Structure formats: structure tokens, C-alpha cells
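> Here is my input; please provide its structure:
(one chain, ligands or ions: 1)
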Amino acid sequence: MRSYPALAGLRIGCVQYLNSKPLIHGYEGPVIFDHPSGLARGLVAGQLDVALVPTFEALRTPHYTLANDVGIACAGAVYSVFLAHRGPLAELRRLALDPASLTSVHLLQVLLREYHGVRPELLPLSAFPKEADAALIIGNQAIEFRQQDKDGYQILDLGEEWKRCTGLPFVFAPWLMRPDLPHAAEVADDLRALKDYGVAHLDEIIEAEPRDPAFTRRYLTEHIRFKLGEPEKAGIAKYRELLAKHGFITDAQTPLRFA
Ligand SMILES: C=C(O[C@@H]1C=C(C(=O)O)C=C[C@H]1O)C(=O)O
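Below is the predicted model:
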């Protein structure tokens, strides 16, 4: 097993979902696992040095360093981020949102406003299905929902919808480093090496998962992508443009810093 010397002693936060396992599987040091929005809060509060954090946080406060070439992304259907709804989107009135998400809650609102002309009232996830007619669900909970009886709900996969509307891949979460972290380049090298290790040891990850192995393999190879190259950066740029257009962020200009 390779060692990751630049990560030693850092406070590292990682998303607790299946989709992030290949990015952290090879690391034997301490890791704080949390929901995406919890990790964003930890990074903002200075409690974490490096964390796999919603893209939205990187755009809301563009002063972090992002690790190049690694992240949680998709290029088409992502499977685990979707709107469960009934009937036409144009008639959507009350939308329940998962508080664990920052990227997808804004992605959904941008897609609905920009491409469907709807602006539903927003409610907490607990309002679904009683008061809300639709819900945004992400992560492991989303996988569970899709694999149980969907109770007549239609699924709008946000990765697929983003691709249909923009032609681009979408990045849900990059690794962010706190702005004053020394050795950011070495830390980013180790994060890329960790991804390579995880991707090369997918069989181990799949075997350890209490899920159907064929599904897990398909999810981690065909739906979730771990690349953050030029096409993914074009997806981030388009997301940023739409977030600014719809008033969710104010700074659409500061160049993102990659290492
Ligand atoms: C693909 C997913 O992406 C996640 C969604 C996030 C968000 O919406 O803020 C953040 C991190 C990702 O791990 C998922 O939840 O299934």
C-alpha cells in the first residue's frame, strides 16, 4: 500500500456515501465522515484542512484550492441524485429538499428555473410526501429509494437532465483545501494517488459493500465518475454562470485555483 505523506496530520473530511468510497478507500489515517453540507460547514469553520465538499461551496466562496483531476462527477445519468415527482414539472408547486446537499439543491433550482420555467416553494425533506409534491434526494438514501417501491413517482435524474440541457458533465464535489494550507500541490498529488488506488481496487470496495455487487460496480463505473478534467471544468463554469444568473452566488469572476 502506498503511503500518503502530504496527508499526514491533516484534518480530512470525506462524504459518507458509497459514491466517495473509491476516493478514500486506500487511506489508513483518520477521516471525518459527514454529509456534504456538514463538511462544507466544517471547512468554513476552519475545523477541516481538506474535504470533499459540494461544488456549490467552492463557487460561493471561491478562495479554496481545488485538487485537479479528481472529484465526484457524472457525464449523464448519475442515478443517486434525482427529483422524485408526479405529473408534469411545469405543475410543481411544493418541493422538498435534502439538507445534506448543497450542490444538488442549487442544481435542481437552476434547472427548474432556467429550462422549465418553474419556481416551486421550498420545504424540508421531512415534508415529503405529505405537504410536498416532489423531493430532491441524494446519496445512499437516493439509491435506497430507487431500489424500493417508488410508489408511482417519476424520477428526474439530475445528471441526465444537466447533460440534456447543457451537453456537459457535472461535478458534485471536488476536494477543497483551506486557502492557507501549505504544500497544496503535494496534498493534491496524494489525493489523486488515492483515487488511482481506489479505482484500481474497486473489487475490494464492491466486495465489502452490503449491496448487489453488479449494481455497485455499475454505479461506481458507469454513473459516478472520478475525473475532473477540462470537460468537467466546463460543466463547473456553466453551473457557476447559471448560479450567478439566478442569484445564488455573487462572485462569478474570481478564477478557481487548482493544484
Ligand atoms: C452524486 C452525489 O453527489 C453528492 C452530492 C452533493 C451535493 O448535492 O451537495 C455533494 C457531494 C456528493 O457526494 C450523490 O449524492 O449521490
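
> Write out the residues of this protein neighbouring the ligand.
Contacts of the chain with the ligand, taken as CB under 6 Å from any ligand atom, map to 15, 17, 19-20, 36, 54, 72, 78, 80-81, 101-104, 138-139, 142, 172-173. In this view, the C-beta of every residue, glycine as well, is placed from N, C-alpha and C.

> 5 Å instead?
Proximity of the chain to the ligand, by CB under 5 Å from any ligand atom, involves residues 15, 19, 36, 54, 72, 80-81, 101-104, 138-139, 172-173.

> Nearest to residue 216 among those residues?
residue 19 (10.6 Å; CB to CB).

> ok, now which ones touch that closest one?
Neighbouring residues of residue 19 by CB atoms under 8 Å, 6 or more residues apart in numbering: 72, 80, 139, 219, 220, 224.

> and what of residue 156?
Contacts of residue 156 (CB under 8 Å, 6+ apart): 82, 83, 85, 89.

> swap in residue 79?
Here residue 79 is in contact with 142, 143, 146, 157, 159, 219, 223, 224 (CB under 8 Å, 6+ apart).

> Specify the local secondary structure of the residue minimising distance to the centre of the chain.
Centroid-nearest residue in the chain, with CA atoms, centre = their mean: residue 172, separated by 2.8 Å. Classification of residue 172 using DSSP: H, G, I helix; E, B strand; the rest coil returns strand.

> Quick check: it touching residue 52?
No: in this structure, residue 172 is not within contact of residue 52 by CB atoms under 8 Å, at 9.5 Å.

> Show me whatever sits in contact with both of the two.
With CB under 8 Å, 6+ apart as the test, residue 172 and residue 52 both reach 36, 71, 72.

> Could you point out the helix or strand that follows the helix or strand hosting the second one?
Under the criterion of DSSP states H and E, residue 71 resides in strand 65-74. Elements were assigned by DSSP H and E; along the chain past strand 65-74, the next helix or strand is strand 81-85.

> and that following strand, what does it pack onto?
In terms of contacts (3 or more CB pairs under 8 Å, 6 or more residues apart in numbering; DSSP states H and E), strand 81-85 is packed against helix 103-116, strand 134-138, helix 139-147, strand 154-157, helix 158-166.

> Show me the domain layout of this structure.
5-73+171-229, 81-166 (automatic domain parsing).

> can those domains go into JSON lines with extra columns for mean pLDDT?
Shown next, in JSON lines, are the domains of the chain (pLDDT from 0 to 100):
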{"stretch": "domain 5-73+171-229", "mean pLDDT": "98"}
{"stretch": "domain 81-166", "mean pLDDT": "96"}
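
> and the residue nearest to residue 33 when sequence neighbours are not counted, what is it in contact with?
Once flanking residues are discounted, residue 33 sits nearest to residue 16: 4.1 Å by CB to CB, 6 or more residues apart in numbering. Applying CB under 8 Å, 6+ apart, one finds that residue 16 lies in contact with 33, 34, 35, 140.

> Serialize these to a markdown table and add fields for neighbour count and secondary structure.
Below are those laid out as a markdown table (neighbours: other CB atoms under 10 Å; DSSP: H, G, I helix; E, B strand; the rest coil):
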| residue | neighbour count | secondary structure |
| --- | --- | --- |
| 33 | 15 | strand |
| 34 | 19 | strand |
| 35 | 19 | coil |
| 140 | 15 | helix |
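
> biggest separation within those residues, which pair?
34 and 140 (13.2 Å).

> Show me which of the helices and strands packed on strand 81-85 has the highest average neighbour count.
strand 134-138 (a mean of 26; mean count of other CB atoms under 10 Å).

> So which elements touch that strand?
strand 81-85, strand 94-97, helix 103-116.

> before we move on, back to that, give me the distance between the residue nearest to the centre of the chain and residue 95.
19 Å (CB to CB, to the nearest Å).
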